[in-house]
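S.K.: here is my input, please return the structure:
(chains A, B and C)
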Amino acid sequence: MTTITTPDEFKQAAAADLAVLREKKPLVHNITNFVVMNYTAMALLAVGASPIMAHAHEEVEDLTAISGALVLNIGTLTDYWIASMIKAGKKANVRNIPVILDPVGAGATRMRTDAAKKIIREVDVSVIRGNASEILSLADETSKTKGVDSLHSVDEASRVAGILAAELKTVLAVTGKVDLITDGTSFIRVQNGHPMMSLVTGTGCTATAVIAAFSAVNPQPLYAAAEALAFFGLVGERAALEAGAPGSYQVKLLDHLYLLDPESFKKGIQVTLND
Amino acid sequence: MTTITTPDEFKQAAAADLAVLREKKPLVHNITNFVVMNYTAMALLAVGASPIMAHAHEEVEDLTAISGALVLNIGTLTDYWIASMIKAGKKANVRNIPVILDPVGAGATRMRTDAAKKIIREVDVSVIRGNASEILSLADETSKTKGVDSLHSVDEASRVAGILAAELKTVLAVTGKVDLITDGTSFIRVQNGHPMMSLVTGTGCTATAVIAAFSAVNPQPLYAAAEALAFFGLVGERAALEAGAPGSYQVKLLDHLYLLDPESFKKGIQVTLND
Amino acid sequence: MTTITTPDEFKQAAAADLAVLREKKPLVHNITNFVVMNYTAMALLAVGASPIMAHAHEEVEDLTAISGALVLNIGTLTDYWIASMIKAGKKANVRNIPVILDPVGAGATRMRTDAAKKIIREVDVSVIRGNASEILSLADETSKTKGVDSLHSVDEASRVAGILAAELKTVLAVTGKVDLITDGTSFIRVQNGHPMMSLVTGTGCTATAVIAAFSAVNPQPLYAAAEALAFFGLVGERAALEAGAPGSYQVKLLDHLYLLDPESFKKGIQVTLND
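M.R.: Residues are numbered from 1 along each chain as shown, chains lettered A, B, ... in the order given. I've put the predicted structure just below:
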């Protein structure tokens, strides 16, 4: 395992991983929501991966088994889909394939919170990506994070995410104005991104898919997640130079997921480590 | 309740409602079809609302309860989805949340006509938006509209829609070259729109979603529906100035849903009232 | 039935069919996957057809019965959807409506291979469109094509596709760098296309939908499929002149599906017959 201690080392590794991703074109299996299926498939192709969307109980294990990463996204969940996710997730665990969870709307309904927690209980998840309230809703009743009402202060968010990552034994990628990625010990902040991204439905889901693509080539989930969020954030910045309204911006995001090359990626990354 | 008697009063109110919508960013819960989920979510974000798509029986009531409006769209219906719609619709009624129905394809199959009628029987619907044949198919066997074979003449369409709106105790928004909105007593015609809109799949469904957004800020469904159709129609006109083919036009519609400001909206509205 | 023996005759017939398609605007019923529903609906509208997406067992027969062609696409299949496809397919057979099958991912999982074979057994399919490995996976255990490991050589691909088309009594449209269309006796190769097409999710599914549109106006599946693939390939070439990244290219494909007129189509076709 590599330990990265400076932004420059991070940038170097990130650019190298992007190059490997575009070379290897890993298959990414998505069990995801109806809203973003087309868009995240496009995003995965653009970044250099090869997407497959499939949810039937009879075949999810077969497809996970041949994939480089698995995305579980509960955006338009029903019981059938949750069962698909757990089946695929267990197969991924047996095969040492990274599992990336997007607990869309956890905290908003009991069903979503329960589904996300059930997945985390039954599947070893490499990375969970969500906004602060989704992530916070995943804490157990006995969690040391209970009683925390907000993550508005950056310091408080960082402390709480660290505690929760350690409790859940996973990497948490809390996206927002600044993204925070932590495994409970190391903390990476990504400053890349653009406010226009919030006008495109499923940018969170897309970020999750991009994390899966990087996870297929980088075995350390902490770095894979941070690299992916820096990449997608920088893509968001570039798209904003060319589009000022959401329809065009949605299109330009896909264009720049494809156009951003390793060298430009390296130069555009804005991260801080362990603070 | 406000009564609006002149186009100028209508324009003033419409522009004010758009400003409130962009300020309040109401949550709109959609139980809708697979074809348009991404696009109507984008449209709702662009107009200033906050979309949620969810259909599981376990959570639809929870999500409707926190929403400003509910969209029921039968475009790719099955029994499970119809049951979701009725469950959510009843919850909306208890909470006084406006319900907007899009009876996609009613009249084309027995299943669709029956589903639409069942929803109308079990849920108090604020607005039903459809084309003339979809709307006409909702009439009961005993309806005074029975025997009418076409709505081709504008006068006939108006009379029939008025009768049906009174029978169904709802607002009907019959979209076409000219849109007709009526509660059986008042009649509003919206002339805004562009032929290119028919080349984009789900423009009807998008119109319905925009009606839901305006309904979340205007408690009078007649005006909410008419304002929304004027807004979307004007957006269609603006998009046509920039795109002459359907792919680009689909993108530009989203751009102009976002870019059209209250002042320009007010100036561009073309309505006639009560004739 | 017409027999076409030269590229010029083919071009003439293709241009004429496009004109008829735009005139008649045939309804195309799609039982297809979640990823491409919006996009293939847009594509069908752009080429001049009228799309309907519906899968409920209660209504698929009603909708197939009023359609000019039926698309069966197993991209995100479950048992329910397979049953819908067979129900609709049988209705299409009774009414002599062409059925176009897209066996997405056949060969990749047992479920997909079995589902595709089941559809072929129970429904008379006019055209099957897939890539070489999908098509090859449809061969029975007793097929003369068994033991063939690759279709990498063009000659071998041609021989194998011909044998399989004869065994399955259908037209096979094997898409790739060059598209091969055969009924086992005649062979048509289409050279139109562009590498950018592989960066758009569901271009295969879209090709299938376009084949369905042409099948609704040309009763000879061999020519309908070849014309459609030449058309979509040429559209891909035109889009590549205007867009160099996948988001914009996805949009431009739709634009040119709409903009390509019969005369320009005729001039741009690149086919060879019977070799």
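S.K.: from memory A:L257 sits against A:V47, does it?
M.R.: Yes: using CB atoms under 8 Å, A:L257 and A:V47 qualify as a contacting pair, with a distance of 5.0 Å. (Glycine included, C-beta is placed from N, CA and C.)
S.K.: identify the contacts common to those two.
M.R.: Where contact means CB atoms under 8 Å, 6 or more residues apart in numbering or on different chains, the residues bridging A:L257 and A:V47 through contact with each are A:V210.
S.K.: does the closest residue to A:E61 other than its chain neighbours fall in a helix, a strand, or a coil region?
M.R.: Taking CB to CB, 6 or more residues apart in numbering or on different chains, and ignoring the residues beside it in sequence, A:E61 has A:K91 as its nearest neighbour in space, at 4.2 Å. Going by DSSP: H, G, I helix; E, B strand; the rest coil, the secondary structure assigned to A:K91 is helix.
S.K.: please name the residues that touch A:K91.
M.R.: If you count contacts by CB under 8 Å, 6+ apart, then A:K91 has A:60-61, A:64-65, A:97 around it.
S.K.: need the max-distance pair from those.
M.R.: The two members of those with the most space between them (CB to CB) are A:V60 and A:I97, at 12.3 Å.
S.K.: neighbour-wise, which of those two wins?
M.R.: More neighbours sit around A:V60 than around the other of A:V60 and A:I97, counting by other CB atoms under 10 Å in any protein chain shown; the figures are 25 against 21.
S.K.: quick one, what contacts whatever residue of the stretch 101-250 of chain A ends up closest to chain C?
M.R.: Of the stretch 101-250 of chain A, the residue with the smallest distance to chain C, taken as CB to the nearest CB, is A:Q250 at 7.5 Å. Each residue near A:Q250 by CB under 8 Å, 6+ apart is listed here: A:39, A:200, B:42, B:251, B:254, C:247.
S.K.: and of these, the nearest to A:S264?
M.R.: Checking the contacts of A:Q250 against A:S264 by CB to CB gives C:G247 as the nearest, at 17.5 Å.
S.K.: and the helix or strand of chain A with the lowest mean pLDDT, what's buried?
M.R.: The helix or strand of chain A with the lowest confidence, counting by mean pLDDT, DSSP states H and E, is helix A:154-168 at a mean of 88. Counting neighbours by 16 or more other CB atoms under 10 Å in any protein chain shown, one finds that the buried residues in helix A:154-168 are A:157-165, A:167-168.
S.K.: can you tell me how far A:T208 is from C:L44?
M.R.: Separation of A:T208 from C:L44 (CB to CB, to the nearest Å) stands at 31 Å.
S.K.: just give the number of residues close to the closest residue to chain C within chain A.
M.R.: In chain A, the residue found nearest to chain C is A:L254; the distance is 2.9 Å by CB to the nearest CB. Around A:L254 there are 27 other residues, counting by other CB under 10 Å.
S.K.: what does A:N30 give?
M.R.: Look at A:N30: counted by other CB under 10 Å, it has 29 neighbours.
S.K.: max-length helix in chain A?
M.R.: helix A:221-240 (DSSP state H).
S.K.: does chain C sit close to that helix?
M.R.: No: for a cut-off given as CB under 8 Å from any CB of the partner chain, helix A:221-240 has no contacts with chain C; the smallest distance is 8.8 Å.
S.K.: circling back: and of the contacts of A:K91, the nearest to C:M111?
M.R.: Relative to C:M111, the closest of the contacts of A:K91 is A:V60; by CB to CB it sits at 9.6 Å.
S.K.: picking that back up, helices or strands up against the longest helix of chain A?
M.R.: helix A:7-24, strand A:127-130, strand A:171-174, strand A:179-182, strand A:187-190, helix A:203-215, helix A:246-259, helix A:262-268 (3 or more CB pairs under 8 Å, 6 or more residues apart in numbering or on different chains; DSSP states H and E).
S.K.: now it, how far from the centre of its chain.
M.R.: 10 Å (CA atoms, centre = their mean, to the nearest Å).
S.K.: tell me what angle it forms with helix A:154-168.
M.R.: Relative orientation of helix A:221-240 and helix A:154-168, computed by axes from the mean of the first three to the mean of the last three CA atoms, to 10 degrees: 140 degrees.
S.K.: list the buried residues for helix A:221-240?
M.R.: Taking 16+ other CB under 10 Å as the basis for neighbour counts, the residues of helix A:221-240 that come out buried are A:221-240.
S.K.: do stretch A:14-24 as well
M.R.: For stretch A:14-24, using 16+ other CB under 10 Å, the buried residues are A:14-15, A:17-22.
S.K.: now render the residues you listed as JSON lines, adding distance to chain C and pLDDT.
M.R.: Supplementary listing: the buried residues of stretch A:14-24 in JSON lines, determined by distance: CB to the nearest CB, whole Å; pLDDT from 0 to 100:
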{"residue": "A:A14", "distance to chain C": "21", "pLDDT": "98"}
{"residue": "A:A15", "distance to chain C": "20", "pLDDT": "98"}
{"residue": "A:D17", "distance to chain C": "21", "pLDDT": "98"}
{"residue": "A:L18", "distance to chain C": "16", "pLDDT": "98"}
{"residue": "A:A19", "distance to chain C": "18", "pLDDT": "98"}
{"residue": "A:V20", "distance to chain C": "19", "pLDDT": "98"}
{"residue": "A:L21", "distance to chain C": "15", "pLDDT": "98"}
{"residue": "A:R22", "distance to chain C": "12", "pLDDT": "98"}
